[in-house]
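Colleague: next come a sequence and a model predicted from it.
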Amino acid sequence: MESLQRDLAAAAAEPEPEPEPNILMLLRLRDQMKQQLMECSTAVRASQEICHGHILEENFTMNNGQDLQRNVEEAKVSFQNKTLALQRIQLMVALRNKMKENDDDSRMITETMKRIVQLSMAVIEYQQQAREKEQKLLDIKRKRFSLKKAGEQKLLQIHTMMKKQKEEQASMKVTKMMEKIHNDFEREKQMTTIIQNVFQNIIIASRVNWAEDPSLREIVLQLEKNVNFI
Amino acid sequence: MAVLRPFDKLPALNSAVLLLVSSDEGLQQKLAEAILREKKNFKINIHLATSLPLPSERDHLRPRIDMIVFMIDIKSKYSLKNVEASLAYVDASFFLGKVCFLVTGVGRVNCCSIEMNAIWKLGEIYSSPVLFCELEMEGIRVATAQRLLRMLQICAGHIPGVSALSFGSLMRSSAND
């Protein structure tokens, strides 16, 4: 496709009529030419070099490239930080100068600052109150928890006590029965002893010779048995 | 010769040449005027073109070109295609910092018809800085003109110690790593 090429008026591009070249301008021109010469010679050298073993070179340049990139990033970051710090300092100086002037603006600034201080103190106070309420809430929760635990324990105690009572009752019945049996047994023993003694005395008092009659002898010997040692 | 080469001619004293390639001639004109209006202490020549290759009959009259700015309008896919077609006529050694992509019309994001990805990829492939601007607004136009002027100074070698080679790494944004 046809392409147009237009040169804009060179006159519009020239700066104010050039003064006679003074030293400064000459030095600047010299720096320019040095830089241009360096660029041109680099280009020439680059086109003249034969690239053999360019794979090794590739790795080398890649590693270097990464290092350099990292350095550039670090420089960028530190530059940004320094700019921020500088701006902060500038702001403070401007503020201080403004305050020294002591006109409407600075009064507004002081008022705004005072308002800010008031609001921040109010914020702090409310935050403190909120924290105290939170603490109280926590305390109450803790107490409720401990009460619940105590309640559980008491329930457990009641439970075990009731079980014990039931067991005791059950065992008491048993003991009562045992006691009754024991008492009855004692009574029977005593009665038996008495009856034994009575029979013995009857037989002895009757002056019968009990040793001769075997059945009588058996009976007397049996009566001699002490029932307490059975 | 159809291909543009960076070092095929000698530089002129205290002057720089900028080539603007864009399919929208009105915007091109406005940007060129804004650049010319800036205060500078060297001679500047701005060449305007809608696409490359430049007509070869005026080759011997043309001075050495220090920087090429490709303008892409975000509202027209044609401008992107135009730029991609013109890139073939630029020598590889130009892309060592002497080429810049300028994306215009970013103020109206709702009628954007080019993918942002395509533009980022373009900048990555050709390792050239990508600038975004909105030339309809006076303030941004002036700011862009100042930026381009500064870049042109560096590309033309007027600033000792700073070379156009550093544009590739300095203008890489950390979001792309």
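Modeller: Yep, that arrived.

Colleague: now find how far off-centre the helix or strand residue A:159 falls within is within its chain.
Modeller: Using DSSP states H and E, residue A:159 sits in helix A:104-205. Here helix A:104-205 is found 32 Å from its chain centre; the criterion is C-alpha atoms, centre = their mean, to the nearest Å.

Colleague: mind giving me the packing neighbours of it?
Modeller: Under the contact criterion of 3 or more C-beta pairs under 8 Å, 6 or more residues apart in numbering or on different chains; DSSP states H and E, helix A:104-205 touches helix A:54-101, helix A:214-224. (C-beta placed from N, C-alpha, C; glycine too.)

Colleague: of those helices, which shows the lowest average pLDDT?
Modeller: Per-stretch mean pLDDT for the helices and strands packed on helix A:104-205 is lowest at helix A:214-224 (a mean of 83).

Colleague: buried residues of that one, list them for me.
Modeller: Applying a neighbour-count criterion of 16 or more other C-beta atoms under 10 Å in any protein chain shown, one finds A:220, A:223 buried in helix A:214-224.

Colleague: give the other helices and strands that that helix contacts.
Modeller: Using 3+ C-beta pairs under 8 Å, 6+ apart, helix A:214-224 is in contact with helix A:104-205.

Colleague: bridged to the spatially most central residue of chain B, which residues?
Modeller: Nearest residue to the geometric centre of chain B (C-alpha atoms, centre = their mean): residue B:69, 1.1 Å. With DSSP bridges as the criterion, residue B:69 is bridged to residue B:20, residue B:100.

Colleague: which residues does it contact?
Modeller: Shown in contact with residue B:69 (C-beta atoms under 8 Å, 6 or more residues apart in numbering or on different chains): B:18, B:19, B:20, B:21, B:99, B:100, B:101, B:102, B:148.

Colleague: what do you get for residue A:210?
Modeller: Residues in contact with residue A:210 (C-beta under 8 Å, 6+ apart) are A:203, A:216, A:217, A:219, A:220.

Colleague: picking up where we left off before, now the helices and strands packed on helix A:104-205 in CSV, with distance to residue A:130?
Modeller: As requested, the helices and strands packed on helix A:104-205 are exported to CSV (distance: least, C-beta to C-beta, whole Å):
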stretch, distance to residue A:130
helix A:54-101, 33
helix A:214-224, 99
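
Colleague: anything in the worst-scoring helix or strand of chain B on mean pLDDT near chain A?
Modeller: Of all helical and strand segments in chain B, the minimum by mean pLDDT, DSSP states H and E falls on helix B:167-170, at a mean of 76. Yes - using C-beta under 8 Å from any C-beta of the partner chain, helix B:167-170 reaches chain A at B:169, B:170.

Colleague: where does the residue in chain B sticking out farthest from the centre land on pLDDT?
Modeller: Distance from the centre of chain B peaks at residue B:110, with 25.0 Å (C-alpha atoms, centre = their mean). According to the prediction, residue B:110 has pLDDT 75.

Colleague: for residue A:4, same thing?
Modeller: 35.

Colleague: state the distance from the residue lying closest to residue A:33 once chain neighbours are set aside to residue A:25.
Modeller: In this structure, residue A:33 finds its nearest non-sequential neighbour in residue B:13, 7.8 Å apart by C-beta to C-beta, 6 or more residues apart in numbering or on different chains. Counting by C-beta to C-beta, to the nearest Å, the gap from residue B:13 to residue A:25 is 11 Å.

Colleague: measure the most centrally placed residue in chain A to residue B:66 for me?
Modeller: Nearest residue to the geometric centre of chain A (C-alpha atoms, centre = their mean): residue A:138, 16.9 Å. For residue A:138, the distance to residue B:66 (C-beta to C-beta) stands at 73 Å.

Colleague: check residue A:185 too.
Modeller: 134 Å.

Colleague: of these two, who's got more company?
Modeller: A count of neighbours by other C-beta atoms under 10 Å in any protein chain shown puts residue B:66 above the other of residue A:185 and residue B:66, at 25 against 11.

Colleague: name the nearest residue to that one, ignoring sequence neighbours.
Modeller: Nearest one to residue B:66, counting by C-beta to C-beta, 6+ apart, is residue B:156 at 4.1 Å.

Colleague: can stretch B:73-92 be said to contact chain A?
Modeller: No - using C-beta under 8 Å from any C-beta, stretch B:73-92 never reaches chain A; the gap is at least 8.7 Å.

Colleague: for that stretch, buried residues please.
Modeller: Going by neighbour count (16+ other C-beta under 10 Å), the buried part of stretch B:73-92 is B:73, B:74, B:79, B:80, B:82, B:83, B:86, B:87, B:90.

Colleague: again, but for stretch A:189-198
Modeller: Residues residue A:196 are the ones in stretch A:189-198 that count as buried (16+ other C-beta under 10 Å).

Colleague: list just the nearest of the contacts of residue B:69 to residue A:102.
Modeller: Distance to residue A:102 across these (C-beta to C-beta) is lowest for residue B:148, with 45.6 Å.

Colleague: okay, now the closest one: neighbour count?
Modeller: Look at residue B:148: counted by other C-beta under 10 Å, it has 24 neighbours.

Colleague: next: residue B:18.
Modeller: 24.

Colleague: please apply the same query to residue A:200.
Modeller: Neighbours around residue A:200, by other C-beta under 10 Å: 15.

Colleague: list the contacts of it.
Modeller: Counted by C-beta under 8 Å, 6+ apart, residue A:200 has contacts A:220, A:223, A:224.

Colleague: of the residues you listed, just say which sits nearest to chain B.
Modeller: Closest approach to chain B among the contacts of residue A:200 (C-beta to the nearest C-beta): residue A:224, at 120.6 Å.

Colleague: neighbour-wise, which of residue B:13 and residue A:25 wins?
Modeller: A direct count of neighbours by other C-beta under 10 Å for residue B:13 and residue A:25 places residue A:25 higher, at 14 against 11.

Colleague: what strand or helix carries that one?
Modeller: Element membership of residue A:25 [criterion: DSSP H and E] is helix A:23-48.
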